[in-house]
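S.K.: the sequence and its predicted three-dimensional model are supplied below.
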Amino acid sequence: MMMRALVVVDVQNDFLPGGPLPAPAADEVVPVINRLMPAFVLVVAAQDWHPRDHGSFAANHPGRKPGDVIDLDGLPQILWPVHCVQETPGAAFAPGLNVQRFERVFRKGTNPRVDSYGAFFDNGRRQDTGLCDFLRQHGVDQIFVAGLTTDYCVKCTALDARSLGFRTTVVLDGCRGVNVQPGDVDRAIKEMKAAGVGIMDSAAVLG
Ligand code: VGL
Ligand code: ZN
């Protein structure tokens, strides 16, 4: 028996054009993801959910600016603009996203001492969000991933899913990336393919 789930990653206001950490044309993923949802019995979401004192914010490191890389509790950490602060409008899901279809939302990035790109664990694998157990309890063996951003949280979620043994496909037109360095999205796609992640368009998933 094959049970498939859709994992919607970080489709939140602060990653949309006009937000502090925009992925170009990120708003275009909303209708794509809404169209994908009915094709899945189980839809879950990840939500970037930082305390205001989070160590990934450049503003919390005097003299540093977004894009700088520091050591955060033993891990290299790229510094970001303040984004997705808990309970703020920027952390809310994007307008028009069909959030009623989310069976559960897994919040991440809540520990100020470690960033958390993937929906399964933080970047040091110190803490688990519960997503893996939730999927296994529902008999899921294959996941489809869409959302923001292709080169960070989508990539990390897909690679972690592979390492946990899920068949994993990224729905590329349902994702947008930030490209901090030119070519980051293309490199992310190559890295995911090399790890055995499938890359598809929504039309093929739905077709
Ligand atoms: C993300 C940078 C910082 C993402 C989250 O959702 O890809 N990127 N926090
Ligand atoms: Zn974040």
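M.R.: Yep, that arrived. Ligands and ions are numbered 1, 2, ... in the order given.
S.K.: who's the residue of the chain found nearest ligand 2 bridged to?
M.R.: Relative to ligand 2, the nearest point of the chain is residue 48 (4.3 Å; Cβ to the ion). Bear in mind the C-beta positions are built from the backbone N, C-alpha and C, glycine included. Counting by DSSP bridges, residue 48 is bridged to residue 108.
S.K.: find me the pLDDT at it, would you?
M.R.: Residue 48 is assigned a pLDDT of 98 by the prediction.
S.K.: for it, list the residues it contacts.
M.R.: 10, 12, 14, 83-84, 91, 108-109, 116, 153 (Cβ atoms under 8 Å, 6 or more residues apart in numbering).
S.K.: gap between it and residue 61?
M.R.: 19 Å (Cβ to Cβ, to the nearest Å).
S.K.: likewise residue 149?
M.R.: 22 Å.
S.K.: neighbour-wise, which one of the contacts of residue 48 leads?
M.R.: Among the contacts of residue 48, the one with the most neighbours (other Cβ atoms under 10 Å) is residue 10, at 29 neighbours.
S.K.: is it true that that one touches residue 47?
M.R.: Yes. Assessed by Cβ atoms under 8 Å, residue 10 is found in contact with residue 47 at 6.8 Å.
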